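**Q** Fold the following.
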Amino acid sequence: MKLTHTRAVFLMVAVTLMWSIAGVVTRQLEHARSFEITFWRSFFTALSLLVILPFVQGRELFAKIRSGGAALWLSGLCWSVMFTAFMVALTLTSVANVLVTMAVGPLLTALVARAVIGHRIPARTWAAIAVAGAGIAWMYGAQLSGGQLAGTLVALCVPAAGAINWTVTQRSHAQGQDVDLVPAVLIGAVLSSAYTLPLALPFQASTHDIGWLALLGLVQLAIPCALAVACARVLKAPEISLLALLEVIFGILLAWVGAGEAPTQTVLAGGALVIGALVMNELIGWKQRA
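**A** As a prediction, this is how the structure comes out:
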């Protein structure tokens, strides 16, 4: 897919909109719960990718999986953790809590990269980490008595796995072996569906639920993940990071309008600190590089 910069920006906005439907769709389910939701979403994601990706990469896709090595499979494992933790967290706490917690991913990635591969963290990013950490702590403090802390802690596994994934791919790149993220996403979906299947039994999902979960697998994950990889070839990392924050805004609004799940004042305040810190960090870094 050949994209101009402008088309890549608009496509990335569409990607974040597709990502953001998970919360409102989950609230439409009748009988499916927890690990069963995760299983069906991952299953339909893997099925969709097995149809889509051969058209994009041909037989080369399966050759990449066979020859990808440990880094590819470790990346796939990280994707499987992200897929699983995200959906389980949505069943335990509010959409807003999950999305705001996930938004700390870029800052958590900076810390992991510093510890593992020695990436230098600029002063502006340290400041952003402190401010975003205060926002998350504010949210966590309010949830200690609200019974939703478990869900937010599970949601924290998503940016943690994402940080490890990015560090693995960067380390492999430095060693002359690039990890193709598209096959890694497919591996992640297969692994997630495999290890959640025993936990999902006995199935309780209705036909209505299966339809919604198939929609999630195809429209919320398989298609946007493939498109995001195409956008990443055109857009710079700060642009991707800033545009990806739209998922938080879209997701909270959709859950509010489509499922009546209004965010609490604590989440709005803590989320404003997190999002504000991320935006300022990326904008200042962008200006310095320019």
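**Q** residue contacts, the nearest residue to residue 154 once chain neighbours are set aside?
**A** Sequence neighbours aside, residue 89 is the residue nearest to residue 154 in space, at 4.3 Å (criterion: CB to CB, 6 or more residues apart in numbering). Backbone N, C-alpha and C define where each C-beta goes, glycine included. For residue 89, the contact set (CB atoms under 8 Å, 6 or more residues apart in numbering) comprises 97-98, 101, 151-152, 154-155, 157-158.
**Q** same question, residue 223
**A** Residue 223 sits in contact with 18, 48, 52, where contact means CB under 8 Å, 6+ apart.
**Q** any idea which of those residues is closest to residue 282?
**A** Using CB to CB, residue 18 comes nearest to residue 282 of these, at 22.0 Å.
**Q** okay, stretch 86-106 in PDB with CA atoms only?
**A** The C-alpha coordinates for stretch 86-106 follow below in PDB (Å, rounded to 0.1, in the frame of the first residue of the first chain):
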ATOM      1  CA  PHE A  86      -7.100  -5.900  27.300                       C
ATOM      2  CA  MET A  87     -10.300  -7.800  27.000                       C
ATOM      3  CA  VAL A  88     -10.200  -9.300  30.500                       C
ATOM      4  CA  ALA A  89      -9.600  -5.800  31.900                       C
ATOM      5  CA  LEU A  90     -12.700  -4.500  30.000                       C
ATOM      6  CA  THR A  91     -14.800  -7.100  31.900                       C
ATOM      7  CA  LEU A  92     -13.400  -6.000  35.300                       C
ATOM      8  CA  THR A  93     -13.400  -2.200  35.100                       C
ATOM      9  CA  SER A  94     -14.700   0.800  33.000                       C
ATOM     10  CA  VAL A  95     -13.600   1.500  29.500                       C
ATOM     11  CA  ALA A  96     -12.100   4.800  30.600                       C
ATOM     12  CA  ASN A  97      -9.900   3.200  33.200                       C
ATOM     13  CA  VAL A  98      -8.600   0.600  30.700                       C
ATOM     14  CA  LEU A  99      -7.800   3.200  28.000                       C
ATOM     15  CA  VAL A 100      -6.100   5.700  30.200                       C
ATOM     16  CA  THR A 101      -4.000   3.000  31.800                       C
ATOM     17  CA  MET A 102      -3.000   1.800  28.400                       C
ATOM     18  CA  ALA A 103      -2.000   5.300  27.300                       C
ATOM     19  CA  VAL A 104       1.100   5.200  29.600                       C
ATOM     20  CA  GLY A 105       2.600   2.700  27.100                       C
ATOM     21  CA  PRO A 106       5.100   5.100  25.400                       C
END
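**Q** Which parts of it count as buried, going by neighbours?
**A** Residues of stretch 86-106 classed as buried under the neighbour-count rule (16 or more other CB atoms under 10 Å) are 86-106.
**Q** Over to stretch 244-264?
**A** 244-248, 250-252, 254-256, 261, 263-264.
**Q** want to throw those residues into a markdown table with secondary structure?
**A** Listed next are these as a markdown table, based on DSSP: H, G, I helix; E, B strand; the rest coil:
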| residue | secondary structure |
| --- | --- |
| 244 | helix |
| 245 | coil |
| 246 | helix |
| 247 | helix |
| 248 | helix |
| 250 | helix |
| 251 | helix |
| 252 | helix |
| 254 | helix |
| 255 | helix |
| 256 | helix |
| 261 | coil |
| 263 | coil |
| 264 | coil |
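**Q** In CSV, list those residues along with distance to residue 41.
**A** What follows is the buried residues of stretch 244-264, written out as CSV (distance: CB to CB, whole Å):
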residue, distance to residue 41
244, 20
245, 23
246, 21
247, 16
248, 20
250, 18
251, 15
252, 20
254, 17
255, 17
256, 22
261, 19
263, 23
264, 26
